[in-house]
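Undergrad: Provided below are the primary sequence and the corresponding predicted coordinates.
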Amino acid sequence: MKTSRAEVRVNYSSQSCEIPPLVRKISAAPVRVAAILIAFLLTLAAQAFASSDITVLHTFTGGDDGSYPDSDVVADAAGNLYGTTQIGGRYGAGTVFKLTPNSDGTWQFSVLHTFTGGADGGNPLGSLVFDASGNAYATASSGGANGFGAVFELSPPSQSGPSTEWKEKVLYSFQGGEDGGLPFGNVVFDPAGNLYGTTSIGGISHIGCLPGCGTIYELAPTHSGQWKKRVLHQFADAFSEGAAPRAGLVFDASGNLYGTTFEGGDNEVCNGYGCGTVFELIPETGDQWKFENLIDFDATDGATPMGGITVTPDGSLLGSTSYGGTDNAGTIFQFTQQSGVWSFATIYNFNVFDGLRPAGNLAVDKEGNIDGATYQGGTNDWGALFQLLPNGSEWTENLIFNFPVSGTPVGANPLGGVMLDGNGDLYLTMNQGGNLDFCQPNSGCGTVIKFGRP
C-alpha cells in the first residue's frame with residue numbers, strides 16, 4: 001500500500017485543512033475528458049524518452065545517512081550539493097548531507113551533521129543558505145532549548161581530515177509563544193547579513209490556529225557573536241492575514257520580502273480554515289516593515305500553498321498551490337506588477353494525470369520556462385516533473401517525467417522544489433522510494449536525483 005506523507009511525518013501541528021472536493025468537470029465535459037486522455041497517452045510516450053535522463057545520486061537507507069528528505073538541494077560554487085533529511089540519522093532526528101561530484105560522474109555522499117533532537121535541534125524541513133565564508137544556515141522544526149525548533153549555523157572544518165562533520169551553533173531557540181515555533185522553511189540573508197524566516201505556529205492565537213498562527217522574524221548578528229531576534233509580523237489567521245506558513249521567504253531586487261501561508265485568509269472557505277495567502281513585507285523608515293496581503297485563495301484559484309515564492313528576472317512572482325483550481329489538483333500562479341499594483345493570474349491548473357499537489361519551489365530557466373515537481377499525480381500517481389512553456393498569453397505544460405510505481409529505484413513523491421544548474425539540468429530530492437527494503441513497510445527512504453537535459 002502506498003505510504004502517505006502523514007504516515008511518515010512527525011506531528012508538526014495540531015492544525016489541519018481538508019479541502020472540500022470541488023465539482024470536477026471531467027464527467028460533465030466530454031471534450032475535456034478527451035483532452036486529458038490524449039495528454040495521458042502523450043505522457044506514456046514521453047516516459048521512455050525521459051527515463052534514461054535520470055541519475056540517482058544517493059539512495060537513503062534510513063540509517064546514519066537519514067531518511068525522507070523534504071527540502072530542496074542547493075549548490076556551492078564548486079558544484080557540491082547540500083540538503084537535509086527530516087528523520088533518520090544516528091538519533092532518528094534528521095541529518096544535513098553533502099554530495100560531492102567525482103571525476104568519473106559518480107557522487108560521494110557525506111553527513112555534515114546528525115541531529116539529536118535535543119538542544120541542537122531536530123527534524124529539519126527547509127534547505128540551506130550559505131554566507132560568504134562558506135557557513136551554512138537553516139532551521140530545525142523541533143528541538144532547540146525549548147523544544148519548538150531552532151535556527152542553526154554549520155561551519156566547515158578548518159582542516160580537511162577523515163571527519164566530515166561540521167561544527168553546529170544554535171543561533172536561536174524558539175519558545176513557542178509570541179516569538180513563534182516549528183519553523184518549516186529556509187532562512188534568507190539580506191545584504192547586511194541579517195537572516196529572515198517564518199514559523200508555522202506561535203504569535204497570535206485564533207480559533208483556527210490555537211497554538212498561534214505563525215510569525216515572520218529577523219535574526220541580526222551582534223558584535224558579541226550572538227544573534228538578536230526580532231518579530232516583524234504575527235499572522236492573525238482571518239482578516240486577510242493568513243496562517244501557518246510552510247515555506248521560507250524570498251527578497252526581490254528592491255528589498256521586499258515575499259512568502260505564502262498554508263491556511264488562513266478568507267475563513268469562509270476550505271472548511272473554515274482558509275485556503276491560504278500570498279503576502280509581501282515592505283521595508284519602511286525607522287527599521288519598520290509594512291505587511292501587505294496580495295491574495296486570499298478561495299479554492300477556485302488555488303488552495304493551501306506549501307512552497308514559497310520565486311521572483312523572476314523581470315520582477316514577477318511565481319508560486320504553486322497544492323490543491324484547488326479547475327480539478328482540485330493544484331495550480332501554478334503568477335503576480336505581475338504594473339504601476340505599482342500587483343495583478344494575479346492562475347497560469348496553469350493540474351488535472352491529476354499531469355500532476356497533483358505541487359509542494360516545492362519553482363525554478364525559471366534562461367528561456368523563461370518554469371520547472372517544478374508534483375508530490376502525486378502523473379501517469380503512475382507517484383509524482384511528476386513538469387515544465388511550463390510560455391505560449392503568448394497562455395502557458396503549455398510539458399510533462400517531462402513520471403515517477404515510476406513505488407519509485408524504484410528513482411524515488412517518488414518529491415516534496416521539495418527543483419534546483420536548476422547552468423546547463424539546464426534539474427536536481428531534487430525524492431521523499432520516498434529508492435530501495436524499498438528500507439524504512440516503513442515497502443516505502444523506501446527517498447533519493448537525490450539529477451534530471452539531465454539532452
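TA: Sure, I can see it. Residues are numbered from 1 along each chain as shown.
Undergrad: just to be sure, residue 406 is in a helix?
TA: Yes - the assignment for residue 406 is a helix, going by DSSP: H, G, I helix; E, B strand; the rest coil.
Undergrad: count of neighbours near it?
TA: Using other CB atoms under 10 Å, residue 406 has 19 neighbouring residues. (Glycine included, C-beta is placed from N, CA and C.)
Undergrad: what do you get for the one 10 residues further on?
TA: Counted with other CB under 10 Å, the neighbours of residue 416 add up to 27.
Undergrad: quick one: it from residue 362, how far?
TA: Counting by CB to CB, to the nearest Å, the gap between residue 416 and residue 362 amounts to 12 Å.
Undergrad: shared neighbours, these two?
TA: Residues touching both residue 416 and residue 362 (CB atoms under 8 Å, 6 or more residues apart in numbering): there are none.
Undergrad: and residue 345, how many neighbours does it have?
TA: 13.
Undergrad: pretty sure it sits against residue 336.
TA: Yes - counting by CB atoms under 8 Å, residue 345 touches residue 336, with 7.5 Å between them.
Undergrad: hang on, residue 350 packs against residue 374?
TA: Yes - under the criterion of CB under 8 Å, residue 350 makes contact with residue 374 at 6.7 Å.
Undergrad: mutual contacts of these two, please.
TA: Taking CB under 8 Å, 6+ apart as the criterion, residue 350 and residue 374 both touch 330, 356, 358.
Undergrad: please name the bridge partners of the second one.
TA: Looking back up the chat, that one is residue 356. Note on residue 356: beta-bridge partners by DSSP bridges are residue 376.
Undergrad: and the nearest residue to residue 429 once chain neighbours are set aside, which of the three is it?
TA: The spatial neighbour of residue 429 that comes closest, neighbours along the chain excluded (CB to CB, 6 or more residues apart in numbering), is residue 69 at 3.8 Å. Under the three-state scheme (three-state DSSP), residue 69 adopts coil.
Undergrad: just the pLDDT for residue 69.
TA: Note on residue 69: pLDDT of 97.
Undergrad: quick check: chain neighbours aside, which residue is closest to the residue positioned nearest the centre of the chain?
TA: In the chain, the centroid-proximal residue (CA atoms, centre = their mean) is residue 360; its distance is 3.6 Å. Nearest residue to residue 360, sequence neighbours excluded (CB to CB, 6+ apart): residue 417, at 3.1 Å.
Undergrad: compute the first-to-last residue distance for stretch 323-331.
TA: End-to-end distance of stretch 323-331: 7 Å, with CA to CA, to the nearest Å as the criterion.
Undergrad: so how far is it off the chain centroid?
TA: Centre-to-centre, stretch 323-331 and its host chain are 18 Å apart (CA atoms, centre = their mean, to the nearest Å).
Undergrad: mean confidence score for that stretch?
TA: Mean pLDDT, stretch 323-331: 98.
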